[in-house]
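Sharing a model that was predicted from the sequence below.
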Amino acid sequence: MKLSKKDLLGIRDLTVEEINLILETAESFIEVSTRDIKKVPTLRGKTVINLFLEASTRTRTSFEIAGKRLSADTINISSTTSSIVKGETLIDTARNLEAMNPDVIVIRHSAAGAPQILARIMKQPIINAGDGAHEHPTQALLDLMTIRAKKGKVAGLKVAIVGDIAHSRVARSNIYGLTKMGAHVTVAGPATMMPRYIDRMGVTVCYRLEEAIRDADIIMMLRIQTERQQENLFPSLREYANYFCLNGENIKLAKDDVLVMHPGPINRGVEIAPEIADGPYSVILDQVTNGVAVRMALLYLLTGGK
Amino acid sequence: MDRLLLRGGRIIDPSQNIDGEMDLLIEGGKIAAIGKDIYRSGVDSPKTSVADFKILDLLGMVVAPGLIDMHTHLREPGFEYRETIRTGSEAASHGGFTSVACMPNTRPVNDNRSVTEFIIRRAAECNLVNVYPIAAISRGSKGVTMTEFWDLKNAGAVAFSDDGKPVTNSALMRRALEYASSLDMPIISHCEDVSLSAGGTINEGLVSTELGLAGIPDVAEDVMVARDIIISEFTGTVLHIAHVSTAGAVRLIRDARERGVKVTAETAPHYFSLTDEAVKEFDTNAKVYPPLRSMEDIIAIKEGLRDGTIAAIASDHAPHAITDKEVEFEYAASGIAGLETALALSLKLVTDGILTLNQLIEKMSANPARILHIPKGTLQVGADADITVIDLEKVWTVDPHGLRSKGKNSPFLGWTVKGKAILTIVGGGIKHRET
């Protein structure tokens, strides 16, 4: 089986079968990262461009490692060195990159829809590494992979996603992914961070942390950006932490074997208490490990790797 | 020979309650006669021979007073790469408009008589359609100091608007309404509460939620419509609300009109033809300001058109260069090049039974003329011979290469539509004829 599209722009575009294919491929790549020599020749001679036009450390590093472990030549372009700052348009950049014949472009951009622009004009596969508040498909896939590894399934699980849903691409991609795979998703956060008609995306909406995490199998906490306080989305970090921080007390409402996830980087003590982030429920570092495998799988599948 | 006989068309003139198959004679740039069998019945001199006329047989065609677009952006001066007064006039003529009123958000802003006079002079050089400049309410459209209304009126401006931006200062809005009223000039308000719309690029709704694009809530428009109605009611002066896009605004305007507030309103074809679903693939051609709204809003706008709450249909022609649109959605310019699709899209209201053809022509000709106080929008004998002839049955496809406007930014590209202006006559001269 192959992916039906040339690009990975969002989870919304994927079928359940395609998600399973990606996850199974990723699972087969996990072992590579545990070897002494962490490299296979799968993509030897292929060129992967990481076009990161928005600040990122972990996703960019994860893609770079994924490419290198498959023996691809990986090139990183970041916003400070790109022509974007000189006034060149994204389309100009794309056409120039295309002229250099890379094999895959991975793009991170602060504007929603930017990967779609590249996908429309470039013949090479495009992987969305996060576009504005739209989608972050590789994050959702690595989350699904982590859940599957720990729980053995996704269908039927109760998942709570808590925090700034409105501005979170991780939340959107996970809503698409988890609901497609049969999980029950509840989103929670202050009403100011809850976008309109989110319930029509097939999720339950609530405004209390406790309500969302009660009997949850999985809790995904989202990063709170402090600058949102300027937009009056919440009155203070103190108040947010008092009512939406996952801690040793409220986590007792969840199932005994709950998994705690976070896309990182964590604001310790704001959305998640340190003892929870580092505690037995946390799979945050598993998520990071699985991220490399998921990205290896996508590079492999989209380049038609043999 | 400056006599033209339009023979046998269905003449519709809401200003005179005329609707029937008749002839219309144009002489010296004016409408000379209108009636059945003008030529044969000898309304003209008995000595007239057929050779003295140019005759156009228009059986099956609709002959209407020239369409008037009261909300156009011609972009000149300052943004000639998007449109010029010439290309905009060509687009207008091609779309069946004989007159357009152009918004002042040019560079420099049309906030002084030299810019107004420049626009009028350039339009006269083009000699295609009547161009009526709308001057800014405030200097630089910055919302601080009123422009010289009197001087601008004398230079040829027909209305005042800071279109593109709302007048956020309520006291300035009050004074502008009062001052303009004393000159018998309308104030056209772009209604937007910028504190509610800030950062938004698309209607706030399910689509904005799914795409992760910052939304512009409908209340951003409604709040300002409410404020302007309240001020207009207080001053007792005339207010015109531009590009109505929300159900809330329609309701507020309807309620105000029932109370006797002197408020009129316009909408544009995209606000009753498309919902925000058109943006789903990040299509920047569907990015417009105010944004495309929901189906509930479309239904309300159609009802507002039907019951007379919304008096006019304007194109809100906002041409852009491809470089303004071929960028990330949130960086893309807002606007649709609408002059050439407005008529066909609006005729759909007739097909769908929302408006009669007479009512539609009223909203695209007589009413804009009345709101702007310009002597147009009628086929009365003695009036300027500004006439639009429409083939209601002509089916055509919106093709960028067929558009005369420099702006090809339209979400309707590729649409098959019905109804087209086949003849546009301005001051008795044929400015566009469909071949």
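Looks like it arrived, so ask away.

Next one: the residue in the stretch 101-250 of chain B that chain A sits nearest to, what pLDDT does it get?
Residue nearest to chain A within the stretch 101-250 of chain B (C-beta to the nearest C-beta): residue B:212, separated by 3.3 Å. (C-beta placed from N, C-alpha, C; glycine too.) Residue B:212 is assigned 97 on the pLDDT scale.

residues in the stretch 301-435 of chain B within reach of chain A, list them.
B:323, B:326, B:327, B:328, B:329, B:330, B:331 (C-beta under 8 Å from any C-beta of the partner chain).

same thing but at 7 Å, please
Counting by C-beta under 7 Å from any C-beta of the partner chain, the residues of the stretch 301-435 of chain B lying close to chain A are B:326, B:327, B:328, B:329, B:330, B:331.

The helix or strand encompassing residue A:22 - what's its average pLDDT?
Here residue A:22 sits within helix A:16-29, counting by DSSP states H and E. Averaging pLDDT along helix A:16-29 gives 97.

Identify each buried residue in it, please.
A:18, A:19, A:20, A:21, A:22, A:23, A:25, A:26, A:27, A:29 (16 or more other C-beta atoms under 10 Å in any protein chain shown).

which of those residues are close to chain B?
Counting by C-beta under 7 Å from any C-beta, no member of the buried residues of helix A:16-29 is near chain B.

Which one of those is nearest to chain B?
Among those, and counting by C-beta to the nearest C-beta, the member closest to chain B is residue A:19, at 18.3 Å.

who does the strand or helix carrying residue B:7 pair up with?
Here residue B:7 sits within strand B:3-13, counting by DSSP H and E. Partners of strand B:3-13 in the sheet, by DSSP bridges, are strand B:18-27 (antiparallel), strand B:54-57 (parallel), strand B:62-65 (parallel).

picking up where we left off before, right, and the helix or strand after the helix holding residue A:22?
strand A:47-52.

That next one near chain B at all?
No - Strand A:47-52 does not reach chain B (C-beta under 7 Å from any C-beta); its nearest approach is 13.2 Å.

related to what we said a few turns ago, what's in contact with the helix holding residue A:22?
When contacts are defined by C-beta atoms under 7 Å, 6 or more residues apart in numbering or on different chains, helix A:16-29 is touched by residues A:1, A:3-4, A:141, A:144-145, A:148, A:177, A:180-181, A:290, A:293-294, A:296-298, A:300-301.

8 Å instead?
Helix A:16-29 has contacts (C-beta atoms under 8 Å, 6 or more residues apart in numbering or on different chains) with A:1, A:3-4, A:11, A:14, A:69, A:141-142, A:144-145, A:148-149, A:177, A:180-181, A:290, A:293-294, A:296-298, A:300-301.

Filter the residues you listed down to the buried ones, PyMOL style.
In PyMOL, a selection of the buried entries from the contacts of helix A:16-29 looks like this (16+ other C-beta under 10 Å):
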select buried, chain A and resi 3+11+14+69+141+142+144+145+148+149+177+180+181+290+293+294+296+297+298+300+301
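
Look up how far residue B:386 lies from residue B:5.
17 Å (C-beta to C-beta, to the nearest Å).
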